[in-house]
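>>> Here is a sequence with its predicted model. Questions after.
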Amino acid sequence: MTAAELGKVLVLMGGTSAEREVSLRSGTAVYDALCELNADVKKIDIQQDAVAQLTAENFDVAFIALHGRGGEDGTIQGVLEWLDKPYTGSGVMASALAMDKWRTKLIWQAAGLPTPTAFLLQQDSQWDRLISELGNDAIVKPAREGSSIGMRKVHTAAELQESFEFASGFDGLVLAERWISGGEFTVAIVDGETLPAIQLKTTHEFYDYDAKYKASDTQYLLPCGLSAEKEAELQALALMAFDVLGCQGWGRIDVMQDAAGKFWLLEANTAPGMTDHSLVPMAANATGLAFPQLVEKLLIEAKRRQRG
């Protein structure tokens, strides 16, 4: 099957989440790639009336280039299931789980996979006790935001409480996670196979929104700098983390390596970016899979999965 044989492709982009601008860039890149392949393609900016928008469209397969709530959390996937239309990426359940950093962590822990200690934060949390249990070095995260939105690194009880208040402006569910010092890696997974790992290096305190999408000095090491044996270990762990959540199609797993060489799972991403800074296209390109062919491969997998 080729892009021209996919039928009418609808690229879903934009949306109403905090990651809207990134989604518009991803969607435009995907749309341009499909045009380059002479596919029958249309792009649509998803709004609050997404059900009506999609019901009104005549299409055969959807490429989900939506990031964040509404597009990455099982919501749009549910609409497409109801319409009986194939789509890229994970299904409803896995998308919802992976979007929720807290519940992702609980599943990984239950499966015996390594992930840093974390606590849910509340207004009446015992800040001194929590920061002590987290080793006086932690990161506060809204549980259901992406692109590092609302995240802050903290070292004291006062910073922990202040960062909880800040993160609560983005989500009612906030966690504090033990900070792992060391190398940061990401592993892309496409159609059941891991791509080469990428090591991320930033001059920022952590790989935040600006480091991801704006900074010109963020370094992406590919090859990642690990030995072949350690990279294989990392890839195997990432694939297990992806599979245990029930993820499908494609995605990305973010991992830290501590000073002792142990890997720690951070997050799963079921609708990664497809911008000029994005990591999955970078890893795919290292294997000889150019951006248009990556887009085509993801759509073919989506149609094949529906038929199966």
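Received, thanks.

>>> what ranges do the helices span in the chain?
20-36, 50-55, 75-82, 92-99, 101-110, 127-133, 157-168, 209-213, 228-244, 279-286, 291-307 (DSSP state H).

>>> which stretch among those comes nearest Glu177?
helix 101-110 (8.0 Å; C-beta to C-beta). Just so you know, the C-beta spots here come from the backbone N, C-alpha and C atoms, and that holds for glycine as well.

>>> Now do that closest one against helix 92-99, angle only.
Interaxial angle, helix 101-110 versus helix 92-99 (axes from the mean of the first three to the mean of the last three C-alpha atoms, to 10 degrees): 100 degrees.

>>> Report the angle between helix 101-110 and helix 228-244.
Using the same axes, to 10 degrees: helix 101-110 against helix 228-244 is 110 degrees.

>>> Counting neighbours, what do you get for the residue nearest to Gly246 when sequence neighbours are not counted?
In space, and not counting its chain neighbours, Gly246 is closest to Ala94: 4.0 Å by C-beta to C-beta, 6 or more residues apart in numbering. Neighbours of Ala94 under the rule other C-beta atoms under 10 Å: 24.

>>> Identify the residues contacting the residue most central in space within the chain.
Nearest residue to the geometric centre of the chain (C-alpha atoms, centre = their mean): Asn269, 2.1 Å. Asn269 is in contact with 72, 98, 146, 251-254, counting by C-beta atoms under 8 Å, 6 or more residues apart in numbering.

>>> one more time with 6 Å
Contact analysis of Asn269 by C-beta atoms under 6 Å, 6 or more residues apart in numbering lists 251-252.

>>> got it, and Lys42?
Lys42 neighbours (C-beta under 6 Å, 6+ apart): Leu10.

>>> cool, the one 3 residues further on as well?
With contact taken as C-beta under 6 Å, 6+ apart, Asp45 is in contact with Gly14.

>>> Need the per-residue pLDDT for it.
Note for Asp45: predicted pLDDT of 97.

>>> Same question for the one 10 residues further on.
With respect to pLDDT, Thr55 scores 96.

>>> Please name the nearest non-neighbouring residue to it.
Leu83 (7.0 Å).

>>> what do you get for Pro114?
Here the residue nearest Pro114, using C-beta to C-beta, 6+ apart, is Trp264, at 5.3 Å.

>>> now swap in Ser95 and tell me
Per C-beta to C-beta, 6+ apart, closest to Ser95 is Gly74, 4.1 Å.

>>> now do Ala271
Using C-beta to C-beta, 6+ apart, the nearest residue to Ala271 is Glu72, at 4.3 Å.

>>> Please spell out which residues along stretch 219-227 are buried.
Neighbour-count burial for stretch 219-227, counted by 16 or more other C-beta atoms under 10 Å, picks out 222, 224, 226.

>>> any idea how far Ala96 is from Thr270?
9 Å (C-beta to C-beta, to the nearest Å).

>>> Which one of the two is surrounded by more residues?
Thr270 (29 against 20).

>>> For the more buried one, which residues are in contact?
89-90, 95, 98, 247, 251.

>>> now do 7 Å
Each residue near Thr270 by C-beta atoms under 7 Å, 6 or more residues apart in numbering is listed here: 72, 89-90, 94-95, 98, 247, 251.

>>> now, among those, which is nearest to Ala232?
Using C-beta to C-beta, the contacts of Thr270 come closest to Ala232 at Gly251, 19.1 Å.

>>> For that closest one, which residues count as its bridge partners?
Ile189 (DSSP bridges).

>>> Domains in this structure, by residue range?
Domain assignment for the chain, taken from automatic domain parsing, gives 3-88, 98-114+181-286, 118-178.

>>> Just tell me which of those ends up closest to Val295.
domain 3-88 (4.6 Å).

>>> which intervals of the stretch 101-250 of the chain have sub-threshold pLDDT?
146-147, 203-216 (pLDDT under 70).
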